[in-house]
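Participant: okay, sequence plus prediction incoming.
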Amino acid sequence: MDWLLPVIVVIATVAFMEWVAWASHKYIMHGWGWGWHKSHHEETHGPFEMNDLYAVVFAIFAIGLFLAGEYLWRPATWLGIGVTLYGVLYFVAHDGLVHKRWPFNYIPRKGYAKRLYQAHRLHHAVEGKEGCVSFGFIYAKPVKALVKELDQNKRTDPEVVRDVQDGR
């Protein structure tokens, strides 16, 4: 049972990181940090974009937790594992599934993966940084709720909303 507390801490950290990522995305990336994040909302040429610097920042944070766990406070290692695991989930769900930064192309046709994919498409249905919806990366509200929220913002690209509503 010595493993139970570390597992709980890792899982709780992954869940907490979704909130951290949501808040960072909404208030930093779509706020004062738009300079880096803007590249993510524009056509990208090449394998990297300025927005990838945010992944570097989170990686440095995780490395710091591993170092703290090694030299200062052992449970910080569990936090570092949770942050790193969240980064892997982000890479798979966001960079791979949604933005297809992998060498293969998969569009989910059902279930939660489809909802996640559609929610992030709706996030990009707005030009610029204002009026966006769905700032999380692992959790996504139901698509109907996001479409309603976008409609209230009145800043959407109707073609993207129509595609999502049609299941694309």
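Facilitator: Good, I have the coordinates.
Participant: going forward, measure contacts between C-alpha atoms and count neighbours the same way
Facilitator: Will do.
Participant: state the number of residues packed around Ala59.
Facilitator: 16 (other Cα atoms under 10 Å).
Participant: for it, which non-adjacent residue is spatially closest?
Facilitator: Nearest residue to Ala59, sequence neighbours excluded (Cα to Cα, 6 or more residues apart in numbering): Thr84, at 7.4 Å.
Participant: so the residue nearest the centre of the chain: helix, strand or coil?
Facilitator: The residue lying closest to the centre of the chain (Cα atoms, centre = their mean) is Phe137, at 2.8 Å. Three-state assignment for Phe137 (DSSP: H, G, I helix; E, B strand; the rest coil): coil.
Participant: and the helices in the chain?
Facilitator: Residue ranges of the helices in the chain, as given by DSSP state H, are 4-23, 34-37, 53-71, 75-90, 111-123, 143-153, 158-165.
Participant: wait, which of those is closest to Gly46?
Facilitator: helix 53-71 (14.8 Å; Cα to Cα).
Participant: could you list every helix and strand in contact with that closest one?
Facilitator: Secondary-structure packing of helix 53-71 (3 or more Cα pairs under 8 Å, 6 or more residues apart in numbering; DSSP states H and E): helix 75-90.
Participant: helices or strands up against the helix it packs on?
Facilitator: helix 4-23, helix 53-71.
Participant: could you dump these to TSV with mean pLDDT and distance to Leu89?
Facilitator: Below are the helices and strands packed on helix 75-90 laid out as TSV (pLDDT from 0 to 100; distance: least, Cα to Cα, whole Å):
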stretch	mean pLDDT	distance to Leu89
helix 4-23	98	9
helix 53-71	98	12
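Participant: lowest-confidence helix or strand of the chain?
Facilitator: Of all helical and strand segments in the chain, the minimum by mean pLDDT, DSSP states H and E falls on helix 158-165, at a mean of 68.
Participant: alright, that wraps it up for me.
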